[in-house]
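# coords please:
(one chain, ligands or ions: 2)
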Amino acid sequence: MFKPLIAPSILSADFARLGQDVDDVLAAGADLIHFDVMDNHYVPNLSFGPMICSALRKYGISADIDVHLMVTPVDDLIERFAEAGASMISFHPEAAMHLDRSIELVKSHGCKVGLALNPGTGLHELDHVLHKLDHVLIMSVNPGFGGQAFIEHSIEKIKTLKSRIDEAGLSVRIEVDGGINASNIAQVRKAGADMFVAGSAIFNTENYAHTIGKLKQLIS
Ligand code: DX5
Ligand code: ZN
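Ligands and ions are numbered 1, 2, ... in the order given. From the prediction side, this is the model:
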């Protein structure tokens, strides 16, 4: 069993003081930083690119940066984010022209690789590549926006994925992204997830240490 990790999504951070906000969540107990990249093409929203990732590295952020690419095509940005200091990169199978090639591209840069599955995307997308992955990112909202409600049937999907990983004897993390908060995180953990992305549930609170401490307590 992996140690459970809390990954605040900076999509809900204060962009006008991003470096400080990232420092603050890390000091408050966050394990890594989730970085949502949106292109207004694959998803109907636009966020930030590799320059912001390198700016955070330059500012002094040394924690793992978990890049979630909601873009198409993916390969160019995989390279740019690897150069910008990403530690982990995940992308959506629908957005990749050559799935295996893009997975290998992430690995070739020394980053951990994950596939992100939308609520309407089946686990069959993992059929020929699961053994190559470091993590699977289960989207528990439709991608594009923070602050949406958790989609309940994600729980069954996480359970099925967890059994599949265990039966195959693989060491693949399950990351869950979207609508995670103190009222559902324990249930998601019980289903088999071990990496928890939370944007609005953390950044929209006054006391990050209190919020992250509570989330951690609920999954330990
Ligand atoms: C949605 C993003 C999520 C999102 C999470 O497309 O991938 O990471 O920002 O935000 P909350 O926790 O507010 O649902
Ligand atoms: Zn995300």
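# buried residues in the helix or strand hosting residue 18?
Under the criterion of DSSP states H and E, residue 18 resides in helix 18-27. For helix 18-27, the neighbour count (16 or more other C-beta atoms under 10 Å) marks 18, 21-26 as buried. For the C-beta atoms, the positions are set from N, CA and C on the backbone; glycine is no exception.
# ok, now stretch 131-144?
132-141, 143-144.
# the chain against ligand 1: which residues are in contact?
9, 11-12, 34, 36, 68, 70, 141, 143-144, 146-148, 177-180, 197-201 (C-beta under 6 Å from any ligand atom).
# the closest residue to residue 107 other than its chain neighbours pairs with what?
Excluding the flanking residues, the one nearest residue 107 by C-beta to C-beta, 6 or more residues apart in numbering is residue 113, at 5.6 Å. On the basis of DSSP bridges, residue 113 is bridged to residue 89.
# next up, the contacts around residue 113.
If you count contacts by C-beta atoms under 8 Å, 6 or more residues apart in numbering, residue 113 has them with 88-90, 103, 106-107, 132-135.
# still on that earlier bit, packing partners of the helix or strand just after the helix holding residue 18?
Next in sequence after helix 18-27, counting helices and strands by DSSP H and E, comes strand 33-38. With contacts taken as 3 or more C-beta pairs under 8 Å, 6 or more residues apart in numbering; DSSP states H and E, strand 33-38 sits against strand 5-8, helix 18-27, helix 50-59, strand 65-70.
# could I get the average pLDDT for the second one?
Throughout helix 18-27, pLDDT has a mean value of 98.
# just checking, what packs against that helix?
So helix 18-27, by 3+ C-beta pairs under 8 Å, 6+ apart, packs with strand 33-38, helix 50-59, helix 200-203, helix 208-219.
# now the second one - C-alpha only, PDB.
Meaning helix 50-59. The C-alpha coordinates for helix 50-59 follow below in PDB (Å, rounded to 0.1, in the frame of the first residue of the first chain):
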ATOM      1  CA  PRO A  50       5.500  25.400 -18.900                       C
ATOM      2  CA  MET A  51       6.700  29.000 -18.200                       C
ATOM      3  CA  ILE A  52       4.800  29.000 -15.000                       C
ATOM      4  CA  CYS A  53       6.200  25.600 -14.000                       C
ATOM      5  CA  SER A  54       9.800  26.900 -14.600                       C
ATOM      6  CA  ALA A  55       9.000  30.100 -12.800                       C
ATOM      7  CA  LEU A  56       8.000  28.000  -9.700                       C
ATOM      8  CA  ARG A  57      11.200  26.100  -9.900                       C
ATOM      9  CA  LYS A  58      13.200  29.300 -10.200                       C
ATOM     10  CA  TYR A  59      11.300  30.700  -7.200                       C
END
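# so that helix versus helix 18-27, what angle?
60 degrees (axes from the mean of the first three to the mean of the last three C-alpha atoms, to 10 degrees).
# just checking, what packs against helix 50-59?
helix 18-27, strand 33-38, strand 65-70, helix 75-84.
# so what sits opposite the residue in the chain that ligand 2 sits nearest to in the bridge?
Of all residues in the chain, residue 68 sits closest to ligand 2, at 3.7 Å by C-beta to the ion. Per DSSP bridges, the residues bridged to residue 68 are residue 36, residue 90.
# C-alpha coordinates for the lengthiest helix in the chain, CSV please?
Assignment by DSSP state H gives helix 154-167 as the longest helix of the chain. Provided in CSV are the C-alpha atoms of helix 154-167 (Å, rounded to 0.1, in the frame of the first residue of the first chain):
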residue,chain,number,x,y,z
SER,A,154,-16.0,7.2,-9.6
ILE,A,155,-15.9,5.1,-6.5
GLU,A,156,-16.8,1.8,-8.3
LYS,A,157,-14.2,2.7,-11.0
ILE,A,158,-11.5,3.1,-8.4
LYS,A,159,-12.4,-0.2,-6.8
THR,A,160,-12.3,-2.0,-10.1
LEU,A,161,-9.0,-0.4,-11.0
LYS,A,162,-7.5,-1.2,-7.6
SER,A,163,-8.4,-4.9,-8.0
ARG,A,164,-7.0,-5.0,-11.5
ILE,A,165,-3.7,-3.5,-10.4
ASP,A,166,-3.4,-5.8,-7.4
GLU,A,167,-4.4,-8.9,-9.4
